[in-house]
Structures are given as C-alpha cells and as structure tokens.
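*Asks:* Below: sequence and its predicted model.
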Amino acid sequence: MYALKNLVVALDLSKLDETLLQYTFQLSTIINTGKIILVHVAKPDSLKKAVNTHGILVHQKEKLLQVLQEKIEPFRSEPSFEEILIQVKAGEPAAKILEVAYEHKADLIITGRKNLSEGKGHTPKKLIRKALCSVLCLPENATANFSKVLIPVDFSSESKLALEGALPFARKTGMQIECLHIYTVPHGYHTCGKTQEEFAKIMHKNAERRYKCFIKDLDLKGIDISCRYQLDPGHKGPKIIFNIALVEGADLIMMSSKGRTGMAAAFLESTSEKLFHYNFGVPTLVFKNKEHNLTFFEAILKI
C-alpha cells in the first residue's frame, strides 16, 4: 500500500471549499502529508479578462489566486504538511484536475459533491473513473471524523487494497473497520433441491469462510474489525452500501478500484446516475493502485 503523500484538492470558490479545506488539513495530520496542491479550474478564456479591484485592473487569474490565498490563510500554520501550492487553470474541470494530479504525481485527489439542486456530480464521476490515483469525494456536510469506516469487499485482491489502506488510519485514530460483503443467490438454485432461504444460508457460510482466508495474512493486532454479510435479493448493491453506511453511522466508505476496472468502477459505471443523485452525506474514498496504473499509462505513451 503506497502512502498518500501528495494531495490535489479541487476548489470551485463555493461554500463547499471550506468543507474540503477543513477535511484536507485534518486528514493531513493523520497521513503525514508531503505536498498539498490546491487547484481551481475556470471557464475557458476567462483568465484573459481583467477585473477592477479597488480601482486597479488586474488579470482574472491574479484575482483568483488572491482569493485562494485568502481561503487557505487560516491553515498555513498547520505543521502537518511540507508544502502547499495553488494553481489556477482554464478548461474542462476534470481534465485539468487530472493534468495537475499527473504533473505532481498525486497520491490522492480530493473533490466535493454538491446538493442535487446545485450540481449533478459530473466532475467527481469523471475523476473516479479516469484518475490514476485514489479519489476522495466529500459531500457538503462532511466532517473529518474517523470513528468508523465501511469497506465493501468481494474478497478479491482489489478489495484488499482498500482494507490495507484503512489499517494505518485505524492504528492512528482507533477507527473501527466494518467490512461489508454483499451476496446474491444465483439463478438456478432450485435445481439443487434447495429453497432460496436455504441456498442463501449456504452462500452466507461460504462468505464467512472466504472472509477468514481474506484477512488471515493481515496484521490486525489492536484493530477493531468485523464483517457484515448482507443478502441482496434485488441486485441493488450500491443502495445497500450507502443505506448500511447511514444505519451504522459510518464516517467514511472506502472502496477499491484497479485502474478503471474492478468493484468500484463497475459499481460506479452501472449505477452512476443513481449513486450521485442520492444525497447521503457519506464521504467515499476510492483506492487505486497508483504504481500499477502509472506503469500501464506510461507504457501506452511509449507506443
């Protein structure tokens, strides 16, 4: 599991920026941040304009840089990071944020998700699908509490990435880890002479055995960890995940994604409209294998 040293934070000059900044700097005290890069993406050609500031004409880019400097002033005294940079770009938001992330070898992109009345979440969806590194999506009411994390698992090596990523958090904060395995009864179960309920019990017991194998090689000393098993009769996995996160009082959901495939990618691709139209208010962190993705990406560039 690679360290989350370099963070890119996407700001849009809305009220959501305060949430993103407070969460980011609180998070940086836990993960030993190296560099924080704040990026704002303006509309194309807007940076060429001049604005009147106290009777003085200044370029729009300079004005935006000044506004961002004022936003981060309360956090500059924080000793939890080595360097902070501010960048203002113009163009399509997701594309420019990804450019900055690649340029600075970001380990984590932090973005926000507004209420339904203010935005449809297009930028967060694009970032989660296309970023080479991990992505943290924060709702407007997010607070940097780390008491309980919910981790959907399918017992694959990809889902183990998220669990491994949660362990350092848990050791530093005492955060409780609850894994969630969602299982379904396959079609044709009746050919085995079992009822749906009987076959569901078999699936449950099998999942319990797989979970034990899944965690057996992890160092879990001092970690409060458990696994919940949930039958999904209606194939509504994403909704189940967020509902359980709310019921269990999870402060964070951690998922995994291997590049643009894997559980998180399939989860988001198949239910993207539903997912980002639910205003559940639960921060979601999608872990990606940055080294693997960079190697693959750079190999493509050389072709």
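*Replies:* Now that the structure is in, tell me what you want to look at.
*Asks:* Please enumerate the helices of the stretch 151-300 of the chain.
*Replies:* Secondary structure of the stretch 151-300 of the chain, counting by DSSP state H, counting those that start in this stretch: helices at 157-173, 196-215, 237-247, 262-275, 290-301.
*Asks:* what does the stretch 1-150 of the chain give?
*Replies:* Under DSSP H, counting those that start in this stretch, the stretch 1-150 of the chain gives helices at 16-31, 60-72, 93-103, 122-130.
*Asks:* re earlier: by mean pLDDT, show me the worst of the helices of the stretch 151-300 of the chain.
*Replies:* Across the helices of the stretch 151-300 of the chain, the stretch with the lowest average pLDDT is helix 262-275; it has a mean of 47.
*Asks:* Might you list the low-confidence residue ranges for the stretch 1-150 of the chain?
*Replies:* 1-2, 48-58, 79-80, 115-121 (pLDDT under 70).
*Asks:* Now with 80, please.
*Replies:* By pLDDT under 80, the low-scoring segments of the stretch 1-150 of the chain are 1-3, 32, 45-59, 76-82, 114-121.
*Asks:* Who does the nearest residue to Leu161 once chain neighbours are set aside form a beta bridge with?
*Replies:* For Leu161, the nearest residue in space outside its immediate sequence neighbours is Ser256; the separation is 4.4 Å by CB to CB, 6 or more residues apart in numbering. The way it works is simple: take the backbone N, C-alpha and C, and place the C-beta from them, glycine included. Beta bridges link Ser256 to Phe287, judged by DSSP bridges.
*Asks:* what's the burial count for Ser256?
*Replies:* Around Ser256 sit 28 other residues, with neighbours defined as other CB atoms under 10 Å.
*Asks:* Let me know whether it touches Phe155 as I believe.
*Replies:* No: no contact is recorded between Ser256 and Phe155 when judged using CB atoms under 8 Å, the distance being 11.5 Å.
*Asks:* hang on, the earlier thing: may I see the helices of the stretch 1-150 of the chain organised as CSV, with mean neighbour count and distance to Gly112 added?
*Replies:* CSV is the format used below for those (neighbours: other CB atoms under 10 Å; distance: least, CB to CB, whole Å):
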stretch, mean neighbour count, distance to Gly112
helix 16-31, 19, 4
helix 60-72, 16, 14
helix 93-103, 19, 11
helix 122-130, 21, 8
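*Asks:* Those helices into a markdown table, with extra columns for distance to Asp224?
*Replies:* Formatted as a markdown table, the helices of the stretch 1-150 of the chain follow (distance: least, CB to CB, whole Å):
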| stretch | distance to Asp224 |
| --- | --- |
| helix 16-31 | 17 |
| helix 60-72 | 35 |
| helix 93-103 | 33 |
| helix 122-130 | 28 |
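*Asks:* For Thr173, which of those is the nearest?
*Replies:* Ranking the helices of the stretch 1-150 of the chain by distance to Thr173, with CB to CB as the measure, places helix 16-31 first at 6.4 Å.
*Asks:* just the CA coordinates of the closest one, formatted as CSV?
*Replies:* Taking only C-alpha atoms (Å, rounded to 0.1, in the frame of the first residue of the first chain), the coordinates of helix 16-31 have been written out as CSV:
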residue,chain,number,x,y,z
LEU,A,16,-18.0,23.6,-0.4
ASP,A,17,-14.4,24.8,-0.4
GLU,A,18,-14.5,25.3,3.3
THR,A,19,-15.5,21.7,3.9
LEU,A,20,-12.8,20.5,1.5
LEU,A,21,-10.1,22.5,3.2
GLN,A,22,-11.0,21.7,6.7
TYR,A,23,-11.2,18.0,5.9
THR,A,24,-8.0,18.0,3.9
PHE,A,25,-5.9,19.7,6.6
GLN,A,26,-7.4,17.4,9.3
LEU,A,27,-6.7,14.4,7.2
SER,A,28,-3.1,15.6,6.7
THR,A,29,-2.4,15.3,10.4
ILE,A,30,-3.1,11.6,10.1
ILE,A,31,-1.4,10.6,6.9
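*Asks:* That helix to helix 60-72, inter-axis angle?
*Replies:* With axes from the mean of the first three to the mean of the last three CA atoms, to 10 degrees as the basis, helix 16-31 and helix 60-72 are set at 60 degrees to each other.
*Asks:* okay, the angle between helix 16-31 and helix 157-173?
*Replies:* Orientation note: helix 16-31 sits at an angle of 80 degrees relative to helix 157-173 (the same axes, to 10 degrees).
*Asks:* Which elements pack onto helix 16-31?
*Replies:* strand 6-11, strand 35-42, helix 60-72, strand 108-113, strand 134-139, helix 157-173 (3 or more CB pairs under 8 Å, 6 or more residues apart in numbering; DSSP states H and E).
*Asks:* Swap in 7 Å and give it another go.
*Replies:* strand 6-11, helix 60-72, strand 108-113, strand 134-139, helix 157-173 (3 or more CB pairs under 7 Å, 6 or more residues apart in numbering; DSSP states H and E).
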